[in-house]
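Asker: sequence isn't available, so here's the structure alone:
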């Protein structure tokens, strides 16, 4: 029953966001999607996170691991959320450029990740870039590249 309620709530949210997004510029739609993506991460809602990914999604994680495909990415989030109960990642866009020639956009920004360990808190972050692709009128993340530039806390390498 809870899974049914989650699916219905996600569908209502999707329809509401889609209607709201129709009056927004492409870059504002992407910025709005990024905010919702951050919210899904904060809720540890893997199903919602996957709604922002293109079918051919791929990511290079902050320490260089390559993950290809939505299924592999979903499994990665599930594992992370089970290991780090309070993990939080926030991506903050600095620029979003929408192509005039193709249904593509480039986003760059900074990211911060935080979580607790027995040795204390960890705060890590750096820069990211994302390729967005418009699919059936909706912006989806096609690929992301994260680069870790700092780590603070006793549990850092």
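Answerer: Here it is on my side, so go on. Bear in mind the structure is a predicted one, so any value in this text is a computation, not a measurement.
Asker: can you classify the residue lying closest to residue 117 once chain neighbours are set aside by secondary structure?
Answerer: Nearest residue to residue 117, sequence neighbours excluded (C-beta to C-beta, 6 or more residues apart in numbering): residue 155, at 4.1 Å. In short, each C-beta sits where N, CA and C put it, glycine included. Using DSSP: H, G, I helix; E, B strand; the rest coil, the structure places residue 155 in coil.
Asker: got the contact list for residue 155?
Answerer: By C-beta atoms under 8 Å, 6 or more residues apart in numbering, the residues touching residue 155 are 117, 119-120, 122.
Asker: now do residue 109 against residue 145, distance only.
Answerer: With the distance defined as C-beta to C-beta, to the nearest Å, residue 109 ends up 12 Å from residue 145.
Asker: overlap in contacts, these two.
Answerer: Counting by C-beta under 8 Å, 6+ apart, the common neighbours of residue 109 and residue 145 are residue 128.
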